[in-house]
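Peer 1: Sequence and predicted structure below; questions after.
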Number of protein chains: 2
Amino acid sequence: MKRLSKDDIIAGAGRRFATHGYHGTSMRDLGDDLGILGSSIYAHVGGKQELLVAVIEGGAEHFEASARAALDVEGASGQLRAFIKGHIDVILDHRAEARTYLSEVGFLDPDRRAIVAQRRDRYEMYLVEILDACVLEGVLRKDVDVRLASIYTLSILNLVDRWFSESGRVKRAELSEDVYRFVLRGLGGTP
Amino acid sequence: MKRLSKDDIIAGAGRRFATHGYHGTSMRDLGDDLGILGSSIYAHVGGKQELLVAVIEGGAEHFEASARAALDVEGASGQLRAFIKGHIDVILDHRAEARTYLSEVGFLDPDRRAIVAQRRDRYEMYLVEILDACVLEGVLRKDVDVRLASIYTLSILNLVDRWFSESGRVKRAELSEDVYRFVLRGLGGTP
DNA sequence: CCTACCGATCGGTAGG
DNA sequence: CCTACCGATCGGTAGG
């Protein structure tokens, strides 16, 4: 039973927020999970909202790192494939952070929420750019509505953790490939 | 300022739950929205959890009615199209109920949550059957993983209210058509 | 549907 | 990180 670090507290908060929601989590709940008192959490962080901010910004960084890596891949269709695989990997490797990032943004204080919204828009723009490049390279139909396509793709990706099980019939790598094929075909490409 | 009906209370609860979440909503908040005291709500309903149940079951019924109507359409691809259009219409015509149904199920008491989960599975099975029929009629590729396909489709549909605006660039009917084409092509069909 | 409340729990603090 | 609290708010009730 060694002392907890600030990161331990944030990780614990992420798990609770992901399963019970921000407003469904009390500082005492959180303390119970961590084996300390609720009031002891204030030795590490300023308050509950600060924990939400830390969890969500951690989630945002994972997604952004993944998108940057995807842009380094050669060829537009390879980038699309890497973007999809990267997003799924982030969601499944950081389920709690990712779920909180995706579901609890609305409970951020208005200022912080606006900043996170901007970061999400920027992330979506990465995908839009990749799809644009796919159209340009002739991988996708010229009449594709790239904005809608990016929303469809992110919708599929963002809900993956709600149903996917690592021990299920479909393996993670197969899922990434299948989503890639589905999106590519959906936009008029041939894998 | 006439007296409120039970349905008024449930509708108000739906709106609050959809925007602030179940745990982010107090009975006093709800009363404020309705112009009465929080404690006055207990004249109409047994408690907060009962309101959540009512909103969510109302949402479930809308989706199920839409699915049944889709199954009445002639031809598998027509059914798929009707299912998609119907789902989008339910979401946009009953935003608060639908959003609560989709996001707050986890806060239902365990027994009720299990029942709702069953209803959701049944709804998904409607789509699986339609997709199976599409494969059988040769509208879709024979090697399609219909389970995954239904999940992808519902993922796109379930997040529509998060970004769609009635006053936006894309109109509702266009969206339904575009999603239909995207899904059909994604599964190897040609619209 | 309001008045007047209840015990429980909330986020958070002072001091160690 | 605990002890010992604080005022505020929570879901809910009795009685009208």
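Peer 2: In hand now; what should we look at?

Peer 1: so who does the nearest residue to residue A:136 once chain neighbours are set aside touch?
Peer 2: Leaving aside its sequence neighbours, residue A:136 sits nearest to residue A:76 (CB to CB, 6 or more residues apart in numbering or on different chains; 7.2 Å). Backbone N, C-alpha and C define where each C-beta goes, glycine included. Residue A:76 makes contact with A:130, A:133-134, A:136-137, A:139 under the criterion CB atoms under 8 Å, 6 or more residues apart in numbering or on different chains.

Peer 1: go again using 6 Å as the cut-off
Peer 2: Listed by CB atoms under 6 Å, 6 or more residues apart in numbering or on different chains, the contact set of residue A:76 reads A:133-134, A:137, A:139.

Peer 1: so of these, which ones are in helices?
Peer 2: Using DSSP state H, A:133-134 are the members of the contacts of residue A:76 that sit in helices.

Peer 1: Can you read off the pLDDT for residue A:1?
Peer 2: With respect to pLDDT, residue A:1 scores 58.

Peer 1: Mind checking if the helix or strand where residue A:117 lies is in reach of DNA strand C?
Peer 2: Residue A:117 belongs to helix A:110-136 when assigned by DSSP states H and E. No. Helix A:110-136 does not reach DNA strand C (CB under 7 Å from any atom of the strand); its nearest approach is 13.9 Å.

Peer 1: What's the first helix or strand after that helix?
Peer 2: Taking DSSP H and E, what comes next after helix A:110-136 is helix A:146-158.

Peer 1: Need the contact partners of whatever helix or strand comes next after that following helix.
Peer 2: Next helix or strand after helix A:146-158 toward the C-terminus (DSSP H and E): helix A:172-186. Residues from elsewhere that reach helix A:172-186, judged by CB under 6 Å, 6+ apart: A:81, A:84-85, A:88, A:153, A:156, A:191, B:148, B:152, B:182, B:185-186.

Peer 1: what's the closest of these to DNA strand C?
Peer 2: residue A:88 (31.9 Å; CB to the nearest atom of the strand).

Peer 1: Need the phi and psi values for that closest one.
Peer 2: phi -60, psi -40 (degrees, to the nearest 10).

Peer 1: Tell me how far residue A:45 lies from chain B.
Peer 2: Counting by CB to the nearest CB, to the nearest Å, the gap from residue A:45 to chain B is 21 Å.

Peer 1: Can you tell me the closest non-neighbouring residue to that residue?
Peer 2: residue A:51 (5.7 Å).

Peer 1: swap in residue A:187?
Peer 2: residue A:140 (4.5 Å).

Peer 1: which residues sit in contact with the one you found?
Peer 2: Counting by CB under 6 Å, 6+ apart, residue A:140 makes contact with A:134, A:187-189.

Peer 1: I figured residue A:144 hits residue A:189, correct?
Peer 2: No. Here residue A:144 does not reach residue A:189: they are 9.2 Å apart, not a contact under CB atoms under 6 Å.

Peer 1: Quick one: name the residues of chain A near DNA strand D.
Peer 2: Checking chain A against DNA strand D by CB under 7 Å from any atom of the strand, the hits are A:3-4, A:31, A:35-37, A:39-40, A:43-44.

Peer 1: Repeat the analysis, applying 6 Å as the threshold.
Peer 2: Neighbours of DNA strand D within chain A, by CB under 6 Å from any atom of the strand: A:3-4, A:36-37, A:39-40, A:43.

Peer 1: Just the closest residue of chain A to DNA strand D, please.
Peer 2: Across chain A, no residue is closer to DNA strand D than residue A:43, which sits at 2.9 Å (CB to the nearest atom of the strand).

Peer 1: Which residue comes closest to the residue nearest the centre of chain A once chain neighbours are left out?
Peer 2: With distances taken as CA atoms, centre = their mean, the residue of chain A nearest its centroid is residue A:98 (4.2 Å). Closest residue to residue A:98 in three dimensions, ignoring its sequence neighbours and counting by CB to CB, 6+ apart: residue A:91, at 4.6 Å.

Peer 1: how about the one helix or strand the one you found maps to: buried residues?
Peer 2: Secondary structure from DSSP H and E places residue A:91 in helix A:76-93. Within helix A:76-93, the residues that count as buried by 16 or more other CB atoms under 10 Å in any protein chain shown are A:76-77, A:79-88, A:90-92.

Peer 1: Next: stretch A:41-53.
Peer 2: Across stretch A:41-53, burial judged by 16+ other CB under 10 Å covers A:41, A:44-45, A:48, A:51-53.

Peer 1: in chain A, what residue is nearest chain B?
Peer 2: residue A:186 (3.3 Å; CB to the nearest CB).

Peer 1: circling back: per-residue confidence for the residue nearest to residue A:98?
Peer 2: Confidence at residue A:91, expressed as pLDDT, is 98.

Peer 1: Name the surrounding residues that touch stretch A:149-167.
Peer 2: For stretch A:149-167, contacts defined as CB under 6 Å, 6+ apart pick out A:87-88, A:91, A:95, A:102, A:124, A:127-128, A:131, A:179, A:183, A:187, B:151-152, B:155-156, B:159, B:163, B:182.

Peer 1: of these, buried ones?
Peer 2: Buried subset of the contacts of stretch A:149-167 (neighbour count, 16+ other CB under 10 Å): A:87-88, A:91, A:95, A:102, A:124, A:127-128, A:131, A:179, A:183, A:187, B:151-152, B:155-156, B:159, B:182.

Peer 1: Could you check how far the residue nearest to residue A:187 is from DNA strand C?
Peer 2: From residue A:140 over to DNA strand C the distance is 47 Å, taken as CB to the nearest atom of the strand, to the nearest Å.

Peer 1: for residue A:9, same thing?
Peer 2: 12 Å.

Peer 1: Next: residue A:24.
Peer 2: Per CB to the nearest atom of the strand, residue A:24 is found 9 Å from DNA strand C.

Peer 1: picking up where we left off before, surely the residue nearest to the centre of chain A and residue A:60 touch.
Peer 2: No. Using CB under 6 Å, residue A:98 is not in contact with residue A:60; the gap is 9.8 Å.
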